[in-house]
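Colleague: Next come a sequence and a model predicted from it.
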Amino acid sequence: MAADRLAASVRGPLFTAASDGYDEERARYQTHRPHRPAVVVGAAEPKDVQLAVEFGAAHGLPVGVQATGHCPALPAGTGVLVSTRRMDEVRIDAGARTARLGAGVAWQQVVEAAAVHGLAPLNGSAPNVGAVGYTLGGGIGLLARKYGYAADHVRRIEVVTADGRLRDVTADGEPDLFWALRGGRDNFGVVTALEVDLVPVERLYGGGLYFDGAAAREILGAYLRWTRTVPEEMTSSLALVPLPDLPSLPPPLRGRYVVHVRIAFLGDPAAGEHLIAPLRALGPRLADSVRELPYTESGTIHNDPVPPAAYVGTNAMLRDLDEETVGTVLALAGPDAPITSVVEVRHLGGALARVPREANCVGNREAGYLLAVLDRVTEDDADAVRAAHSGLMDALSSLTTGRCLNFLYGANATADEVRLAYTPDDYLRLRRIKAAYDPGNLFRLNHNIPPAPAPR
């Protein structure tokens, strides 16, 4: 069998549905509509990735990649899945302030390795998210308003393209592919390693303010006014969260609808105290964890859930967000809506709005806010939840500049949503680059950008 020949060639393990360990290897953080790929290659080195890509191309099977499995699933029973979790090396160059990240690395590994040298990566809010996929999708992190998108700080990319070639891609070597990979996610190949910038951050002033959700409209309105006054050193977000009644949650939060304001300030703690004083003055807090903390504890700011879950969600990049719109959001997704969702508002601007010297394809930089909506689902209610999310997106359309690729959760990202992550000109350029490097659309499983048609 062809799979047997592949198994004999790769250094890492290979799994099919009949193999012991298949279910464990294909398991992912996102459990909605679990995928069952035809072949899973547990890549141990770049050569394994090359062999997996060549196998997929030879047998007409699409190729997808998974580290932690937060992105959408492969269609059932099809495709070659490259599992990169074994490629988890992190190398820090303290003098150059860079890190080399293997394809399977999660952010907390990088945070801890960099902290030894007084440095930090531009990681996201959840320490267990894969660093490479996050960065390739743009990456709006805890320090985003000060330093911009994670994709803005990529120096080098090692990637296996559809022809099975392992390429070393930089701004000077294959600049079109370098531009497209930084924001185009896994449409152009399987990335085996990234070299990224680190920043000189050891500590920050951050944490969460939790308020009773009964005051959601007032607090969200006040938060939006507050964001218009803060410096770029302040990156913040607000989430409206219906919390379950679980013993793992602090007693004041169990079973409550809460407003969670998340703070990450790069500056003197006293200045941070002064900046958030207007938020603390909004009313009694159910909990308050804002403090000076080592960057290794930055994952506690959002306290994103760790156990795997089935969820769907989408987002809108908004030019602005006013108090009238807040009322619309609460009516369609708040505690009195037919479906009460997790709603997150992230304050953008600052360095996120500036195009880096080595430009990339990350779009919607003019947006002032990101509004994301998410729900846990079952097969019975997933369609109803998606319909509710679509209704909210329609209501926000007049303020919307587009979508953010990394916040198109679940297996429901449409072609139109992916297109809206880019400017029209950039999307056309991406399709042309796709046609040059992957004309057969081998990498078509997650957030797909189709190749431009060949000229007649």
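Modeller: Perfect, thanks for sending it.

Colleague: hmm, who's touching stretch 404-419?
Modeller: By C-beta atoms under 8 Å, 6 or more residues apart in numbering, the residues outside stretch 404-419 that reach it are 30, 32-33, 72-73, 134, 137-140, 183, 185, 311-315, 317, 364, 370, 372, 374, 377, 386, 403, 421, 427, 446-450. Where you see a C-beta, it was placed from the backbone N, CA and C, and this is true even at glycine.

Colleague: let's see it at 7 Å
Modeller: The set of residues external to stretch 404-419 that reach it, using C-beta atoms under 7 Å, 6 or more residues apart in numbering, is 30, 32-33, 72-73, 134, 137-140, 185, 311-315, 317, 364, 370, 372, 374, 386, 403, 421, 427, 447-449.

Colleague: just checking, which of these belong to helices?
Modeller: Among the contacts of stretch 404-419, DSSP state H puts 134, 386, 427 in helices.

Colleague: A384: what secondary structure?
Modeller: helix (DSSP: H, G, I helix; E, B strand; the rest coil).

Colleague: roughly how far apart are it and N448?
Modeller: Look at A384 and N448: by C-beta to C-beta, to the nearest Å, they are 25 Å apart.

Colleague: got it, and T300?
Modeller: 35 Å.

Colleague: do L6 as well
Modeller: 24 Å.

Colleague: These two: which has the busier surroundings?
Modeller: L6 (21 against 17; other C-beta atoms under 10 Å).

Colleague: Just confirm the more buried one is within a strand.
Modeller: No: the assignment for L6, made by three-state DSSP, is helix rather than a strand.

Colleague: isn't it right up against E54?
Modeller: No: under the criterion of C-beta atoms under 7 Å, L6 makes no contact with E54, lying 8.9 Å away.

Colleague: pLDDT below threshold where in the stretch 1-150 of the chain?
Modeller: Within the stretch 1-150 of the chain, the segments meeting pLDDT under 70 span 1, 72-77.

Colleague: Next, please give the residue ranges for the strands of it.
Modeller: With DSSP state E, counting those that start in this stretch, the ranges of strands along the stretch 1-150 of the chain come out as 14-15, 39-42, 63-66, 80-83, 90-93, 98-102.

Colleague: Serialize those strands to JSON lines and add fields for distance to V345 and mean neighbour count.
Modeller: Shown next, in JSON lines, are the strands of the stretch 1-150 of the chain (distance: least, C-beta to C-beta, whole Å; neighbours: other C-beta atoms under 10 Å):
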{"stretch": "strand 14-15", "distance to V345": "41", "mean neighbour count": "23"}
{"stretch": "strand 39-42", "distance to V345": "37", "mean neighbour count": "26"}
{"stretch": "strand 63-66", "distance to V345": "29", "mean neighbour count": "30"}
{"stretch": "strand 80-83", "distance to V345": "34", "mean neighbour count": "28"}
{"stretch": "strand 90-93", "distance to V345": "32", "mean neighbour count": "16"}
{"stretch": "strand 98-102", "distance to V345": "29", "mean neighbour count": "23"}
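
Colleague: export those strands to JSON lines and tack on distance to E344?
Modeller: JSON lines is the format used below for the strands of the stretch 1-150 of the chain (distance: least, C-beta to C-beta, whole Å):
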{"stretch": "strand 14-15", "distance to E344": "35"}
{"stretch": "strand 39-42", "distance to E344": "32"}
{"stretch": "strand 63-66", "distance to E344": "24"}
{"stretch": "strand 80-83", "distance to E344": "29"}
{"stretch": "strand 90-93", "distance to E344": "28"}
{"stretch": "strand 98-102", "distance to E344": "26"}
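
Colleague: Which among those strands is found nearest to Q109?
Modeller: Of all the strands of the stretch 1-150 of the chain, strand 90-93 sits nearest to Q109, with 5.3 Å by C-beta to C-beta.

Colleague: Centre of the chain to that closest one, how far?
Modeller: Relative to its chain's centre, strand 90-93 lies at 22 Å (C-alpha atoms, centre = their mean, to the nearest Å).

Colleague: can you check stretch 242-259 too?
Modeller: Mean C-alpha position of stretch 242-259 versus that of the full chain (C-alpha atoms, centre = their mean) differs by 25 Å.

Colleague: quick one: D48 and P294, what's the gap?
Modeller: D48 sits 36 Å away from P294, going by C-beta to C-beta.

Colleague: repeat for T78
Modeller: Taking C-beta to C-beta, one finds T78 at 45 Å from P294.

Colleague: okay, these two: which has more neighbours?
Modeller: T78 (17 against 12).

Colleague: ok, and what's touching stretch 372-381?
Modeller: So stretch 372-381 is in contact with 32, 309-315, 333, 339, 341-344, 385, 389, 392, 407, 409, going by C-beta under 7 Å, 6+ apart.

Colleague: In contact with Y223, which residues?
Modeller: By C-beta under 7 Å, 6+ apart, Y223 lies in contact with 238, 261, 279.

Colleague: and the first one, that one's in a strand?
Modeller: Yes: under the criterion used here (three-state DSSP), L238 sits inside a strand.

Colleague: That one contacts V258, correct?
Modeller: No: judged on C-beta under 7 Å, L238 makes no contact with V258 at a distance of 10.7 Å.

Colleague: who has more neighbours, those two?
Modeller: Remark: of L238 and V258, L238 carries more neighbours, 25 against 21, as counted by other C-beta under 10 Å.
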